[in-house]
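>>> Give me coordinates for this.
(one chain, ligands or ions: 4)
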Amino acid sequence: MTTLYLRELEIAQLAVQRAAQLTKRVFHETAKGTVSKDDASPVTIGDFGAQALIIAALRHNFPADAVVAEEEAAPLRADPALRDRIWELVRSTKLEDVGAEGLLGGGVRDVDAMLEVIDRGGSKGGRVGRVWAIDPIDGTKGFLRGGQYAVCLGLLVDGDVKVGVLGCPNLPVDDAAPLTADIGANQTDDEGRGVLFSAVVGQGATSRPLGPGALKEGKKIAMKAVTDMASASFCESVEAGHSNQSDSAQIAQKLGITKPSVRMDSQAKYGSIARGAGDIYLRLPTSKTYQEKIWDHAAGDLIVREAGGQVTDTTGARLDFGVGRTLANNKGVVAAPAAVHGQVIKAVREVLKL
Ligand SMILES: Nc1ncnc2c1ncn2[C@@H]1O[C@H](COP(=O)(O)OS(=O)(=O)O)[C@@H](OP(=O)(O)O)[C@H]1O
Ligand SMILES: [Mg+2]
Ligand SMILES: [Mg+2]
Ligand SMILES: [Mg+2]
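Ligands and ions are numbered 1, 2, ... in the order given. Just a heads-up that it's a prediction; the model follows:
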């Protein structure tokens with residue numbers, strides 16, 4: 001039993017590590033090739049490049065698996081200059097460890113293969129079979145602002161998350177480092193930064209340095225016990241449009257939480273609470289129509305649950321990853337240590353009148 005999903009875990013970790021090397025290069029460039037998508041959200045050359053490298057690694061190792069990924073190649077087909085900038089990044093990003101690079105299949109053949117591989121992320125998802133969920137850069141706005149972002153990869157089997165990996169280049173390596181108020185801006189990936197969170201179902205969650213060298217043994221991580229709500233705080237989005245701020249203030253008041261929320265972009269929030277640096281992840285619906293995307297939650301959901309947490313929507317129902325590309329059956333997210341999750345949900349339901 002203990003070797004279950006071992007190969008999937010190894011490939012996922014290496015694929016995320018390699019993709020994060022690409023995003024780190026873009027993070028340090030002033031011109032990030034930002035394009036605005038139809039929903040007015042940004043995407044950069046880093047998002048496209050990381051998606052190409054991750055899908056290439058998955059296709060080499062698990063050619064029969066379906067892939068649900070956030071980005072598509074259409075804007076690159078319409079803009080050869082943008083396409084060529086991404087190709088240059090993809091072509092030249094390799095793992096230092098030749099053996100590890102070989103395991104990933106050695107990258108992408110040419111520029112046309114890159115466009116093709118990016119568009120392999122268009123699966124509908126669903127309840128049956130193996131589906132990889134990819135967010136090549138989660139928290140693109142944070143990435144552009146110099147805040148937190150994450151490279152995210154999860155494996156769903158028949159709708160359940162079995163493997164989750166999060167690469168967070170701008171979080172401290174040290175699991176015990178406290179979360180500072182300015183974690184959402186002016187971050188670096190200097191020495192001491194860059195962490196890779198992983199989990200396999202039934203086998204716990206770990207953290208280890210993200211790179212650039214060979215991946216070291218992971219350390220088990222666990223959520224911090226919340227014994228007193230007065231010393232706890234919420235971990236929430238930076239973007240006000242992604243989580244309802246006035247509802248969260250009322251919920252905090254009901255629970256007796258007095259500390260301000262820690263604001264951080266991306267699934268770095270899930271990783272941070274899973275290792276006990278933060279307490280409770282709260283994401284409250286801002287609109288009746290927005291459906292959360294599976295790639296924004298799959299890896300984080302498993303990592304938190306394997307670290308001793310519970311992850312549900314605002315009604316207390318588990319996140320349902322088996323209904324397609326979105327979490328159509330869920331509204332919002334509440335992730336907390338198992339012992340206090342029920343108490344948090346009660347307050348959320350009262351305030352949201354659920
Ligand atoms: N309206 C609305 N409501 C909720 N969530 C939304 C909404 N619009 C976008 N998104 C998704 O939010 C992803 C980033 O989420 P976070 O809130 O964790 O980070 S951030 O503080 O907003 O950067 C972000 O992921 P990326 O696009 O990968 O950055 C979006 O998928
Ligand atoms: Mg996006
Ligand atoms: Mg995202
Ligand atoms: Mg993204």
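
>>> Model confidence for the residue of the stretch 201-350 of the chain found nearest ligand 3, exactly?
Using CB to the ion, the single residue of the stretch 201-350 of the chain nearest to ligand 3 is Asp296, 4.2 Å away. In this view, the C-beta of every residue, glycine as well, is placed from N, C-alpha and C. Asp296 carries a pLDDT value of 98.

>>> swap in Pro178?
Per-residue pLDDT puts Pro178 at 88.

>>> Against ligand 1, how distant is it?
Between Pro178 and ligand 1 the distance is 20 Å, computed by CB to the nearest ligand atom, to the nearest Å.

>>> ditto for Ala317
Look at Ala317 and ligand 1: by CB to the nearest ligand atom, they are 18 Å apart.

>>> Quick check: phi and psi at the nearest residue to that residue once chain neighbours are set aside.
Ranked by CB to CB, 6 or more residues apart in numbering and with sequence neighbours excluded, the top spatial neighbour of Ala317 is Asn330, at 6.5 Å. Torsion angles at Asn330 (phi, psi; degrees, to the nearest 10) stand at phi -120, psi 150.

>>> Touching, Asn330 and Glu292? I think so.
Yes. Taking contacts as CB atoms under 8 Å, Asn330 lies within contact range of Glu292: 6.5 Å.

>>> still on that earlier bit, might you report the residue contacts of the residue of the stretch 201-350 of the chain closest to ligand 3?
Applying CB atoms under 8 Å, 6 or more residues apart in numbering, we find Asp296 in contact with 135, 138, 152, 267.

>>> can you tell me how far it sits from Ser266?
Asp296 is 9 Å from Ser266, where distance means CB to CB, to the nearest Å.

>>> joint contacts of those two?
Contact criterion CB under 8 Å, 6+ apart; residues bridging Asp296 and Ser266 by contacting each: 138, 152.

>>> Quick one: name the residues of the stretch 251-354 of the chain near ligand 1.
With the criterion set to CB under 6 Å from any ligand atom, the stretch 251-354 of the chain comes near ligand 1 through 265-266, 286, 290, 293, 296.

>>> buried subset of these?
Among those, those buried by neighbour count (16 or more other CB atoms under 10 Å) are 265-266, 286, 293, 296.
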